[in-house]
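>>> Return a 3D structure for these sequence lines:
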Amino acid sequence: MSRAEKVILAVTLAVLALVVVLEQLTPKEPNWQPSYTRYRTDPFACGLAYDRLTDLFPQGVTTVREPIYVTAQERLATDSTDRPVIHIFINSGFHVDDLDLENLLKMVDRGDDAFIAAQYFPDKMMDTLRFRTEYQWKKPDSLATAAGLNKLLRGDTDLVRFTSWPLRQVGDFQFAHGGIDYIFKNFGMDSVQVLAENQHHAPVLLRMRHGKGSLWLCTAPRAFTNYYLLKDGARGFMEGAFNMLPDRPVLWDEYYKVGRAGSRTPLRYILSQPALKWAYWTAMALLLLTVLVYARRRQRAIPVVTPPRNTSREFADTMGRLYYFRGDHADIARKLTVQFKDEVRRKLRLHRTIWDAEAIQEIALRTGISEEELNHANRLMDHYNKVEQVSEEQLLTLNKTLSSLRSRL
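Just a heads-up that it's a prediction; the model follows:
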């Protein structure tokens, strides 16, 4: 990796880190979607309600992340010696199947209590317990000034009050208009006790006896959320409703809000078994190690290096083709003569440039070539330097003569 690439990579990582930090520091808009879970701090979650349960129920609070029938299998066992508990369900709708409903009623019949706050209940449950719910919304009477200033100011507010002694002395609890829109109707008055009602005298909290236990049903689940627990005028409703419950251990439901405990991936079963879990993570570690080792040991591709071009040879080849096509053998003979004499002078370090008798004698002494051969070659070179026409055969003869002498220098 080149230095420029390293700089680009470092700058990119720094920008990404800055974006992540700014994203974390930027204030986020609250999520107003109802979740009713204890694990979140959104306005319509139940984190504060869960924290208050430890004060209202000193015997302990346990979070349940399993369906009702799983809890019932433990509590309805023949050898079970568990004390009665309170099952608390708070959600937009109490969506349980027939098996869960049957097991819940069995536990209540045995002596447990169930507190259910929801706007919707399953048909099977309403048919079994003989009650119905209804959506009731009335336009806020904020323009009815004739009724007095107090009604004008509370025209966009829903009021809830307890009907049982001594909580009915507390007064009204105020909720935003539209938060308490569901009410109970068509329930048996002989086996049901109305514990709270809205400003229209419609019941919103009931107690139904079932066997040795009781079902506490409420159509205002938002009254138990973080938003209303921070309101002075609404906080007391949750405390009063839970204070009516007996002092028992509490099983707080989270399964019908966020699902089972643990991983929710398709590998949940593998990760839930110790042997399979260790095998899975070992395989992942070996795979990662193989990738790292392979990346380090893999030989880099050898780049193809183009050999340097021999421009001198190309130049000589080009010039040779030029002279060949021109057919000027006399000019080539003259250049061969000049080149040969210059090569002899450089190799033998001669001071003379003219081939006279003294120069030929000195060359013969240094190279061992006879003076006759040197004189013959000199006559040929002088002859071809003077003539204007040289045939191809004569040029070849001159080249062979000079090449023979060059090899013995």
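>>> quick one: residue 22 from residue 16, how far?
Between residue 22 and residue 16 the distance is 11 Å, computed by C-beta to C-beta, to the nearest Å. Just so you know, the C-beta spots here come from the backbone N, C-alpha and C atoms, and that holds for glycine as well.
>>> How about residue 332?
Separation of residue 332 from residue 16 (C-beta to C-beta): 72 Å.
>>> Looking at those two, which is more packed in?
Using other C-beta atoms under 10 Å as the criterion, residue 332 and residue 16 rank with residue 332 on top: 20 against 10.
>>> Name the nearest residue to that one, sequence neighbours excluded.
Of all residues not flanking residue 332 in the chain, residue 323 sits nearest, at 5.5 Å (C-beta to C-beta, 6 or more residues apart in numbering).
>>> sec struct for that neighbour, please.
helix (DSSP: H, G, I helix; E, B strand; the rest coil).
>>> Do I have it right that it meets residue 333?
No: counting by C-beta atoms under 8 Å, residue 323 stays clear of residue 333, with 10.8 Å between them.
>>> Please identify every residue contacting each of the two.
The overlap between the contact sets of residue 323 and residue 333 (C-beta atoms under 8 Å, 6 or more residues apart in numbering) is empty.
>>> more crowded one of these two?
Neighbours around residue 323 and residue 333, counted as other C-beta under 10 Å, are more numerous at residue 333. The numbers are 22 against 13.
>>> is it true that the more buried one touches residue 401?
No: in this structure, residue 333 is not within contact of residue 401 by C-beta under 8 Å, at 11.2 Å.
>>> got a list of contacts for stretch 64-71?
Here stretch 64-71 makes contact (C-beta under 8 Å, 6+ apart) with 87, 96, 99-101, 103-104, 107, 251-255, 258-261.
>>> For the stretch 201-350 of the chain, give me the ranges with low pLDDT.
Within the stretch 201-350 of the chain, the ranges that satisfy pLDDT under 70 run 261-266, 295-300.
>>> can you give me the helices in the stretch 51-200 of the chain?
Secondary structure of the stretch 51-200 of the chain (DSSP state H, counting those that start in this stretch): helices at 68-75, 98-110, 123-129, 149-153.
>>> Need the ones you listed in JSON lines (columns: mean neighbour count, distance to residue 222 and mean pLDDT).
Listed next are these as JSON lines, based on neighbours: other C-beta atoms under 10 Å; distance: least, C-beta to C-beta, whole Å; pLDDT from 0 to 100:
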{"stretch": "helix 68-75", "mean neighbour count": "18", "distance to residue 222": "23", "mean pLDDT": "90"}
{"stretch": "helix 98-110", "mean neighbour count": "18", "distance to residue 222": "23", "mean pLDDT": "93"}
{"stretch": "helix 123-129", "mean neighbour count": "14", "distance to residue 222": "21", "mean pLDDT": "91"}
{"stretch": "helix 149-153", "mean neighbour count": "11", "distance to residue 222": "22", "mean pLDDT": "46"}
